[in-house]
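In: All I have is the shape, not the residue letters:
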């Protein structure tokens, strides 16, 4: 195997994804347990479980499970690990994930329709290599159809931004 082929196959091992996911789940379970205690984890005679009863036990199970995974990952920290993904695969994931993160943040400030127009246009032009005309038509038509479907026909309001508010919607 040549040196360039070895570099192409390099990537992220299972070690850090296991540790990070275990830490995330551990933090989430701690939040669930603490909030469950706040709202009550007991059993009221004649009324049944309080609001935090079931979430408390689910949080405890999640805390034990994620702790177990974390300890296991740390115990085998120095040993060779199987590959989670190559750097090329992770790059492809990031090419999708980063624009989606911007989209979610943009929905807060621009509303769902303008944000969707920008996201669809970006993906069609950058990843799909469509013509400007096809990109523009699709990027405008999809949010417009969504607006008609949800706002007008189903009467379900979706997050709006300054443009929709200026137009009176």
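Out: The structure has been received and is ready for your questions. All of these numbers come straight from a predicted model, not from anything done at the bench.

In: drop to CA atoms for contacts and neighbour counts, all remaining ones
Out: Noted.

In: Can you pull the poorly scored residue ranges out of the chain?
Out: 1-8 (pLDDT under 70).

In: Counting residues, name the longest helix you see in it.
Out: The single longest helix within the chain, with elements called by DSSP state H, is helix 87-122.

In: Now that one: buried residues?
Out: For helix 87-122, the neighbour count (16 or more other Cα atoms under 10 Å) marks 103, 106-107, 110-122 as buried.

In: Please identify which two of those are farthest apart in space.
Out: For those, the maximum inter-member distance is 16.7 Å, found between 111 and 122 (Cα to Cα).

In: care to break the protein down by domain?
Out: 3-81, 86-166 (automatic domain parsing).

In: those strands in the chain, which residues are they?
Out: If DSSP state E is used as the criterion, the strands of the chain fall at 11-13, 43-44, 48-49, 83-86.

In: would you turn those into a markdown table with distance to residue 74?
Out: Formatted as a markdown table, the strands of the chain follow (distance: least, Cα to Cα, whole Å):
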| stretch | distance to residue 74 |
| --- | --- |
| strand 11-13 | 14 |
| strand 43-44 | 38 |
| strand 48-49 | 37 |
| strand 83-86 | 16 |
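
In: could those strands go into TSV alongside mean neighbour count and distance to residue 57?
Out: Putting the strands of the chain into TSV (neighbours: other Cα atoms under 10 Å; distance: least, Cα to Cα, whole Å) gives the following:
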stretch	mean neighbour count	distance to residue 57
strand 11-13	16	32
strand 43-44	11	13
strand 48-49	12	12
strand 83-86	15	31
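
In: Count the neighbours of residue 45 for me.
Out: 7 (other Cα atoms under 10 Å).

In: I misspoke; the intended subject was residue 53.
Out: The burial count for residue 53: 18, using other Cα under 10 Å.

In: What's the separation between the closest residue to it other than its chain neighbours and residue 59?
Out: Once flanking residues are discounted, residue 53 sits nearest to residue 41: 4.0 Å by Cα to Cα, 6 or more residues apart in numbering. Using Cα to Cα, to the nearest Å, one gets 12 Å for the distance from residue 41 to residue 59.

In: More neighbours: which of the two?
Out: residue 59 (22 against 19).

In: Do I have it right that that one meets residue 27?
Out: No: counting by Cα atoms under 8 Å, residue 27 is not a contact partner of residue 59; they are 10.1 Å apart.
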